[in-house]
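Asks: here's my sequence, what's the structure:
(chains A and B)
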There are 2 protein chains.
Amino acid sequence: MNTKLCVLFVFAFVTWPCQGSDYQVFPLRMKTGYNEQYPIEVSCESWRLGVEANNLVKWKTVPAPCQEHVADYLLGDQYRSDSKTVCREAYFYAKTLNITQKDIFVFDVDDTALSNLQYFANHGFGVEEHNATAFKIWVSYGEAFALPETLKLYNKLLALGIKVVFITERPLDLKDVTVSNLQNVGFYKWDKLIARDPSIYSGKLSNAFKSSERTKLAEEGYRIVGNIGDQWSDIVGDKRGFRTFKLPNPLYYD
Amino acid sequence: MNTKLCVLFVFAFVTWPCQGSDYQVFPLRMKTGYNEQYPIEVSCESWRLGVEANNLVKWKTVPAPCQEHVADYLLGDQYRSDSKTVCREAYFYAKTLNITQKDIFVFDVDDTALSNLQYFANHGFGVEEHNATAFKIWVSYGEAFALPETLKLYNKLLALGIKVVFITERPLDLKDVTVSNLQNVGFYKWDKLIARDPSIYSGKLSNAFKSSERTKLAEEGYRIVGNIGDQWSDIVGDKRGFRTFKLPNPLYYD
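Replies: Down below sits the predicted model:
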């Protein structure tokens, strides 16, 4: 360790005069704190980044110490701004395409088009274990808000002549309420809305279900030019689309 | 708009008494600011998240207004904490494996094992266009620091009995200096270090090069249990590994 420190100081000393920038602190900084604990804000932000970049997978609940961080994130500007950046990029991409009649953009529903934040705000912001029954009751109200940046993207894609297909893990018996919820908040039209048929796709196989339904779309002649969802399972697998877009969601992993 | 506002207030009023949480502000908040401009800190953080989640691709330089944000990020705690979260997750995953003799973990070199931050600190933190000549000169010095969280992961994986293979886009003529740089900063051993042979892989086809080299490893009988890099091109494509880990890098897209 003494040798390392010595090398470090020699390096810092030798390179100091030739850098010409204000950022000399770096080498020293990175060498400190091998067993450092970061403030909770910092480590919760790392947790959230890990989720978004698909490094943290199959987690069951938001870490309890990050509840406030997650709530503040979702209720503040950052979530909206993050969503905007993704949706704007999707639009910039779509604008470059030569659109044909068969071009579709696949949208997920939950926390992509419709926000379940109201539900999660009343159920611990992801810290409580997921309660499928309570969640289904919430969905059945059909009162979810539109995610505003997604709605903007949706309208812009339609204006470009790209068709929209919704694929949702919501089961068939919630299809009607999903249709009316979407239409009530501004998603007025689509080519297809594919809900999960529990007699074919049971259990938690979101990725398999979505891959399989996208493959059917491709077989019907559709060309999936883009695909947007809040879960990695929405945008990986077969026929995922020429480009995929991951909206932020620090509330649950599916 | 008046109807919307009316519906909103009625909704807020009706739901107010039955919520039992402090987070009533949400529906109102999300309805405002359809054309909002976010503070630069907020939008640069969105840009960085967009990069990490692979929503923003093929970008040439860091947006000029985000230079300070990127510098502060890399020089502060957040970068180190974000790296730690990724590396710790990789280790937790590796611990669950039944390791065999042929199990390998693939590591990228630049900004995965070795940090080029000193170079970028002196070249505008990604805002300047990439200068391949200047960068090559920097690499040829062999003075890059180890990224401390990656080094910890590397040592822990070796201790578990997992072999390490480095695959780097650095060309063959920089292989010797890369070997000595790695060893000087604590990466003492590996099974293979595969540098790019420019006579086979020319130009900017990082993904194809890495996929192809990983496929060769699989054909030699190696089992790629994990793969870590700072670029999405490191961790997509064939034989990417059972699990992949994306380290943060807001400086360049490769």
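
Asks: which residue packs closest to A:Trp59, ignoring adjacent ones?
Replies: In space, and not counting its chain neighbours, A:Trp59 is closest to A:Tyr253: 5.0 Å by CB to CB, 6 or more residues apart in numbering or on different chains. The C-beta positions use only the backbone N, C-alpha and C, and glycine is treated the same way.

Asks: can you verify the one you found is assigned to a strand?
Replies: No - under DSSP: H, G, I helix; E, B strand; the rest coil, A:Tyr253 sits outside any strand and is assigned coil.

Asks: who touches it in this structure?
Replies: Counting by CB atoms under 8 Å, 6 or more residues apart in numbering or on different chains, A:Tyr253 touches A:Val51, A:Leu56, A:Val57, A:Lys58, A:Trp59, A:Lys60, A:Gln231.

Asks: check contacts around the first one.
Replies: Okay, so that is A:Val51. A:Trp59, A:Asn249, A:Pro250, A:Tyr253.

Asks: before we move on, what about the second one?
Replies: If a contact means CB under 8 Å, 6+ apart, then A:Leu56 has A:Trp47, A:Gly50, A:Tyr253, B:Thr85, B:Glu89 as its contacts.

Asks: quick one on the thing from earlier: relative to B:Leu217, which of the contacts of A:Tyr253 is nearest.
Replies: A:Val57 (23.6 Å; CB to CB).

Asks: pull up the gap between that closest one and A:Arg243, please.
Replies: Separation of A:Val57 from A:Arg243 (CB to CB, to the nearest Å) stands at 22 Å.

Asks: okay, now the domains of chain A?
Replies: Taking automatic domain parsing as the criterion, chain A consists of the domains A:2-31, A:43-246.

Asks: give the rounded mean pLDDT of the shortest one.
Replies: When pLDDT is averaged over domain A:2-31, the result is 44.

Asks: and if you look at the last one?
Replies: With pLDDT averaged residue by residue, domain A:43-246 scores 96.

Asks: chain center to that domain, what's the gap?
Replies: 7 Å (CA atoms, centre = their mean, to the nearest Å).

Asks: what residues sit buried inside stretch A:37-49?
Replies: A:Tyr38, A:Val42, A:Ser43, A:Cys44, A:Glu45, A:Ser46, A:Trp47, A:Arg48, A:Leu49 (16 or more other CB atoms under 10 Å in any protein chain shown).

Asks: which residues sit against it?
Replies: A:56, A:63, A:65-66, A:69-70, A:73, A:248, A:250, B:49, B:52, B:77-78, B:80-82, B:84-85, B:248.

Asks: circling back: pull the most distant pair out of the contacts of A:Tyr253.
Replies: A:Lys60 and A:Gln231 (14.4 Å).

Asks: ok, these two, which is more surrounded?
Replies: Neighbour tally, A:Lys60 and A:Gln231, criterion other CB atoms under 10 Å in any protein chain shown: the higher count belongs to A:Gln231, 22 against 9.

Asks: the longest strand in chain A is where?
Replies: strand A:163-171 (DSSP state E).

Asks: who does that strand pair up with?
Replies: Strand A:163-171 has the following strand partners under DSSP bridges: strand A:103-107 (parallel), strand A:192-196 (parallel).

Asks: any chance you could map the helices in the stretch 51-200 of chain A?
Replies: A:67-75, A:77-95, A:117-121, A:132-141, A:148-160, A:175-184 (DSSP state H, counting those that start in this stretch).

Asks: would you mark the buried spots in stretch A:107-124?
Replies: A:107-124.

Asks: before we move on, what about stretch A:124-136?
Replies: A:Gly124, A:Phe125, A:Gly126, A:Val127, A:Phe135.

Asks: do stretch A:67-80 as well
Replies: Buried positions in stretch A:67-80, judged by neighbour count with 16+ other CB under 10 Å: A:Gln67, A:His69, A:Val70, A:Ala71, A:Tyr73, A:Leu74, A:Leu75, A:Asp77, A:Gln78, A:Tyr79, A:Arg80.

Asks: repeat that for stretch A:216-225.
Replies: Those would be A:Leu217, A:Tyr222, A:Arg223, A:Ile224, A:Val225, for stretch A:216-225 by 16+ other CB under 10 Å.
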